[in-house]
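[1] Mind looking at a prediction? Sequence and model below.
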Amino acid sequence: MDDTGDHRRIEPVAPRGQSPEAVARMILAGFDRHYSLFRYSAQRAKALFESGDWHGIQQLSRERIEYYDTRVRECAAALGQALRGTTRAHTAPDTALTGEQIEFWLAAKTSYITLLAGHRQPECAETFFNSVSCRILHRNYFNNDFLFVRPAVATDYIDGEHPSYRAYYPLTEGLLPSLTRMAADFGLAAPYHDLPADVRRMARMGLRHLRRTLPRGLGKRLAPDCQIQVLNTLFFRNKGAYIVGRLINQTAIHPFAVALLHTPSGHIQFDALLHTSDDLSTLFSFTRAYFLVDMEASAAYVDFLSSLFPRKPKAEIYTTIGLQKQGKTLFYRDFLHHLSHSRDAFDYAPGIQGMVMTVFTLPSYPYVFKLIRDRIAKDGMDEATVRRKYQMVKKHDRVGRMADTWEYSQVALPRSRFSPRLLEGLRREVPSLLEETDGLVVLRHVYIERRMTPLNIFLASASDAALEAAVQQYGQAIRELAAANIFPGDMLYKNFGVTRLGRVVFYDYDEIQRMTEMQFRRIPPAPNEEAEMSGEPWYPVGANDVFPEEFERFLLGDPRVRAAFLKYHAPLLDAQWWQDCRARAAQGRIEDIFPYDQSRRLQPPDGHSRPPRSDSTDTL
């Protein structure tokens, strides 16, 4: 997205003189510019949702991912220009600081902390300071004296000029009037199709769930403290908009989200009520695109969301609402804290090691570390290609089926925590990414993602019922990826994982391509018996040719897996299914893929399911 309108006025300016205070003001101005554009993107998302421009929302979401790095580069370049020619303040990233320079940068950080008093996003501003400073200072100075390794400004109870959430009181206002006002207060320009009917359906479903969870003896009554608290702004992603809130009753917190759809007729309707922590955790999953949401005080939103799904780390919450750099900062702080309070050793991750990545983990921490091998045993594959594939996934709609990753450089870990076999293997497999010094192992480049149970390991020990469910999920993952214009490439089970909630997720990206780049073909009949028995194909094969009938040979060797796959996903072995899917993608159509179970969808009064929408052009 081009920088337009009033946001152009927020420019990082060169410091007057080269005082530490001026440098601090310059860096904070750079952050304020970034966050203003970040909020503006969410405001644009609201207008795009109201007008039904789904592709515009997806494009905006992709572009916003680049905002942060662009602003950091701008600020670092302006800072370098302002300090050029001064021996007191400037240093090259590969050289040590003089005593005078050390004093200068320490003073700059102190001044920055002073400027953050009363700031609405101090935690994110600290991370921006780190990002700019790391482009200037040598790695030896990546410590809490010069950077915000630990936060300096508390965000407890911080809020915006206006409260971050609104409260409604169903006991005094009435439940239906409260819900009606809740929906109206978001001020959507598009009209509701039938708001009273939607509110009644939502109230019925919500009360049924609430009665199942109320303490025994309370019956149908709501407690005197009952209130509905809703975050002030909608959460936008693809075709969906979401009201996110919680019901407080008997001091208990009942999380909920209401999914809003924009219908082909141009109206808004309530589509689903999500009412459990797992529902909300799935909605905010690390396997989906980032939300567009306008937050004045980001920490207040994260604290609220954390109360809805307390098992999810705040690092992942920041990431899923689009503040992925702050997510990285929190993840690394959590990780360092865990390292200092644990004793187990890094070792190879369970499963089959790939030809492209070396993957290791810390058993007591639920993440894996992925390094690109120096020697990749795949034709046409190199480090630059792998990085492009991972960046493609970062910007793509992951439809709940591709794991997000955090990308780090210069990660220093204690050498004593590496198992001997892992350290020996890393020296052999990724020597260009490894630096050993002063008891540390420094990883020059690494991807970090959530650890899952590899699907091949899960299937090997699964009961018949669990295996059938996993295979059904596996095929559904492939279908949904294809609908999102993604061909996984290598569909072996080892490249998929099973999450805590039983979803099957793809996580090996070196061979992914867009569906529109592929040619799905049937194998032509063999001209003779000799050709059919030959180990070589009797037909020409292009670089992007795929023959789906071959999937059966390398995926369905296990009789139990074969039976489950053919029960649910036999069309995936037919080239015509893939050709049809490719044609839809080429037309710009994206199938409906909902981030919630069908049981959460609201039902019309007659009890029949709402008919499928005729415009299969949108993704939630």
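    Okay, I see it.
[2] Surely R25 touches L115?
    Yes - applying Cβ atoms under 8 Å, one finds R25 in contact with L115, separated by 6.7 Å. Where you see a C-beta, it was placed from the backbone N, CA and C, and this is true even at glycine.
[3] Convert stretch 496-509 to CSV, retaining C-alpha atoms only.
    Extracted as CSV, the C-alpha positions of stretch 496-509 are listed here (Å, rounded to 0.1, in the frame of the first residue of the first chain):
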residue,chain,number,x,y,z
PHE,A,496,2.4,-32.6,8.0
GLY,A,497,1.9,-32.2,11.7
VAL,A,498,-1.0,-32.8,14.2
THR,A,499,-1.8,-29.9,16.5
ARG,A,500,-3.1,-30.0,20.1
LEU,A,501,-6.7,-29.7,18.8
GLY,A,502,-6.2,-32.5,16.3
ARG,A,503,-5.9,-30.3,13.2
VAL,A,504,-3.5,-31.5,10.5
VAL,A,505,-1.2,-28.7,9.3
PHE,A,506,1.4,-28.5,6.6
TYR,A,507,4.9,-27.3,7.6
ASP,A,508,7.5,-28.1,4.9
TYR,A,509,7.5,-25.3,2.4
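[4] could we number from 56 for the rest of this?
    All set: I'll call the first residue 56, so the last point we hit is now stretch 551-564.
[5] all helices of the stretch 256-405 of the chain, in order?
    Taking DSSP state H, counting those that start in this stretch as the test, the helices found in the stretch 256-405 of the chain are 332-338, 353-363, 369-375, 379-395.
[6] Output the last one in CSV with nothing but the alpha carbons.
    What follows is helix 379-395 as a C-alpha-only set of coordinates in CSV (Å, rounded to 0.1, in the frame of the first residue of the first chain):
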residue,chain,number,x,y,z
GLN,A,379,4.7,-10.0,14.6
LYS,A,380,7.9,-8.1,15.5
GLN,A,381,6.6,-7.6,19.1
GLY,A,382,5.7,-11.3,19.0
LYS,A,383,9.3,-12.2,18.1
THR,A,384,10.5,-10.0,21.0
LEU,A,385,8.3,-11.7,23.5
PHE,A,386,9.0,-15.1,22.2
TYR,A,387,12.8,-14.6,22.6
ARG,A,388,12.3,-13.2,26.1
ASP,A,389,10.2,-16.2,27.1
PHE,A,390,12.7,-18.5,25.5
LEU,A,391,15.7,-17.0,27.4
HIS,A,392,13.7,-17.2,30.6
HIS,A,393,12.9,-20.9,29.9
LEU,A,394,16.6,-21.6,29.1
SER,A,395,17.7,-20.3,32.4
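[7] Pull out the buried positions in it.
    379-388, 390, 394 (16 or more other Cβ atoms under 10 Å).
[8] Can you give the contact residues for it?
    Helix 379-395 has contacts (Cβ atoms under 8 Å, 6 or more residues apart in numbering) with 120, 123, 178-179, 181-183, 185-186, 203-205, 345, 353, 368-374, 417, 419-420, 422, 461, 463, 468-469, 472, 503.
[9] What subset of these is buried?
    Neighbour-count burial (16+ other Cβ under 10 Å) applied to those gives 123, 178-179, 181-183, 185-186, 203-204, 345, 353, 368-374, 417, 420, 422, 461, 463, 468, 472, 503.
[10] Where strands are concerned, which of the residues you listed count?
    Judged by DSSP state E, strands contain the following of the buried ones among the contacts of helix 379-395: 422, 461, 463, 468, 503.
[11] For those residues, work out which two are farthest apart.
    W461 and L468 (15.1 Å; Cβ to Cβ).
[12] mind checking the longest helix of this structure?
    Longest helix of the chain, by residue count under DSSP state H: helix 75-106.
[13] in it, what counts as buried?
    Quick answer for helix 75-106 (16+ other Cβ under 10 Å): 75-90, 92-97, 99-101, 103-105.
[14] Over to stretch 561-572?
    561-568, 570.
[15] out of those residues, who's nearest R644?
    For the buried residues of stretch 561-572, the nearest to R644 is M570 (11.5 Å; Cβ to Cβ).
[16] Quick check on that closest one: phi, psi?
    phi -60, psi -40 (degrees, to the nearest 10).
[17] That one against G544, yeah?
    No - distance between M570 and G544: 11.2 Å, which falls outside the contact criterion (Cβ under 8 Å).
[18] Who's the closest spatial neighbour of S336, skipping the chain neighbours?
    F364 (4.3 Å; Cβ to Cβ, 6 or more residues apart in numbering).
[19] before we move on, what about G409?
    That would be D563: by Cβ to Cβ, 6+ apart, it lies 6.5 Å from G409.
[20] what's the spacing between F401 and R476?
    11 Å (Cβ to Cβ, to the nearest Å).
[21] Could you confirm R128 falls within a helix?
    Yes - according to DSSP: H, G, I helix; E, B strand; the rest coil, R128 belongs to a helix.
[22] Could you pull up the contacting residues of it?
    Counted by Cβ under 8 Å, 6+ apart, R128 has contacts R190.
[23] Check the gap between it and V553 for me.
    39 Å.
[24] All the strands of the stretch 206-355 of the chain, in order from the start?
    220-223, 282-286, 290-292, 295-304, 307-317, 323-329 (DSSP state E, counting those that start in this stretch).
[25] Let me know which of the ones you listed is tucked in deepest.
    strand 290-292 (a mean of 25; mean count of other Cβ atoms under 10 Å).
[26] same question for that strand, mean pLDDT?
    Strand 290-292 shows a mean pLDDT of 97.
[27] Could you name the specific helix or strand carrying the closest residue to G544 other than its chain neighbours?
    Closest residue in space to G544, ignoring its immediate chain neighbours: E566 at 2.9 Å, by Cβ to Cβ, 6+ apart. Here E566, judged by DSSP states H and E, is contained in no helix and no strand.
[28] count of neighbours near G173?
    8 (other Cβ atoms under 10 Å).
[29] how about it, secondary structure?
    Following three-state DSSP, G173 is assigned to coil.
[30] any idea how far F424 is from K164?
    Relative to K164, and taking Cβ to Cβ, F424 is found at 29 Å.
[31] go on, R555?
    R555 is 39 Å from K164, where distance means Cβ to Cβ.
[32] Extract the C-alpha set from the helix or strand bottoming out on mean pLDDT in the chain and format it as CSV.
    Least confident helix or strand of the chain, by mean pLDDT, DSSP states H and E, is helix 584-588 with a mean of 75. Taking Å, rounded to 0.1, in the frame of the first residue of the first chain, the C-alpha atoms of helix 584-588 are listed here in CSV:
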residue,chain,number,x,y,z
GLU,A,584,3.4,-54.0,-22.3
GLU,A,585,7.1,-53.3,-22.3
ALA,A,586,6.6,-49.6,-21.8
GLU,A,587,4.1,-50.3,-19.0
MET,A,588,6.5,-52.6,-17.2
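[33] Need the residues that contact it.
    So helix 584-588 is contacted by 581, 593 (Cβ under 8 Å, 6+ apart).
[34] quick check: angle from whichever helix or strand comes after the longest helix of the chain to strand 307-317?
    Sequence-wise, the next helix or strand downstream of helix 75-106 (DSSP H and E) is helix 109-119. Computed by axes from the mean of the first three to the mean of the last three Cα atoms, to 10 degrees, the angle separating helix 109-119 from strand 307-317 equals 120 degrees.
[35] Done for today, thanks.
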